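A.B. asks: following is a predicted model, sequence given first.
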Amino acid sequence: MGDLHGDSPVYLALQLEDGPLIIDLDEHGWKSKYAHIFRSPARWDLIAKKTDTPVLSMVVLKGEQSYYTAKVHVFPYRPGLPGDPQGLRLRAYGIGKKRVDGNQDQLWWMPWGEVTVGADPSLLMIAYANKAHPFARMDLSP
């Protein structure tokens, strides 16, 4: 969408019972502005700004509570190895919902195209950093 600006590579497109809603995740105060929709039945799509294509989709039913989240993982720079002295910052973007039975569903998208489910995308972020950036070698053991 041409009218979305900011650093986030994604935005939300919701199909609510009373029509569509586009949420710019870079808009200051968007969570407060749209707080009323988090318990509304809707289809939630997380859309990549660059291509205007959905990267994650979720249907939220009556009585469920939906949410958007992002997680940052910072890999420190190690002197003497190649890389940015500021370190490597990776961010995962997620949508989820708390179901009526109390269980949660959560989906994550990484800007390099990987998608995963679950509460924490950190292991995939670490694996990506280890493969793509030799200075960020991290232990993957539990």
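C.D. replies: The structure has been received and is ready for your questions.

A.B. asks: nearest residue to A92 other than its sequence neighbours?
C.D. replies: For A92, ignoring the flanking residues on the chain, the nearest one in space by C-beta to C-beta, 6 or more residues apart in numbering is P121 at 4.2 Å. C-beta here means a position set from N, CA and C on the backbone, and glycine is covered the same way.

A.B. asks: got it, and Y128?
C.D. replies: Distance criterion C-beta to C-beta, 6+ apart; nearest residue to Y128, sequence neighbours excluded, is W112 at 6.3 Å.

A.B. asks: and that neighbour, helix, strand or coil?
C.D. replies: coil (DSSP: H, G, I helix; E, B strand; the rest coil).

A.B. asks: distance check, it against I95.
C.D. replies: The gap separating W112 from I95 is 18 Å, by C-beta to C-beta, to the nearest Å.

A.B. asks: so the two - more neighbours on which side?
C.D. replies: More crowded of W112 and I95, by other C-beta atoms under 10 Å: I95, with 23 against 10.

A.B. asks: what does the host helix or strand of that one contact?
C.D. replies: In this assignment (DSSP states H and E), I95 forms part of strand 88-98. By C-beta atoms under 8 Å, 6 or more residues apart in numbering, the residues outside strand 88-98 that reach it are 8-10, 12, 44, 46, 55-56, 58, 60, 64-75, 77, 104-111, 121, 124-125, 128-129, 133, 135-136.

A.B. asks: off-centre distance for it?
C.D. replies: 3 Å (C-alpha atoms, centre = their mean, to the nearest Å).

A.B. asks: next one: stretch 58-67
C.D. replies: Per C-alpha atoms, centre = their mean, the centroid offset for stretch 58-67 relative to its chain is 17 Å.

A.B. asks: could I get the average pLDDT for it?
C.D. replies: Mean pLDDT, computed over stretch 58-67, is 96.

A.B. asks: not counting it itself, show me its contacts.
C.D. replies: With C-beta under 8 Å, 6+ apart as the test, stretch 58-67 has contacts from 37-44, 95-100, 105, 107.
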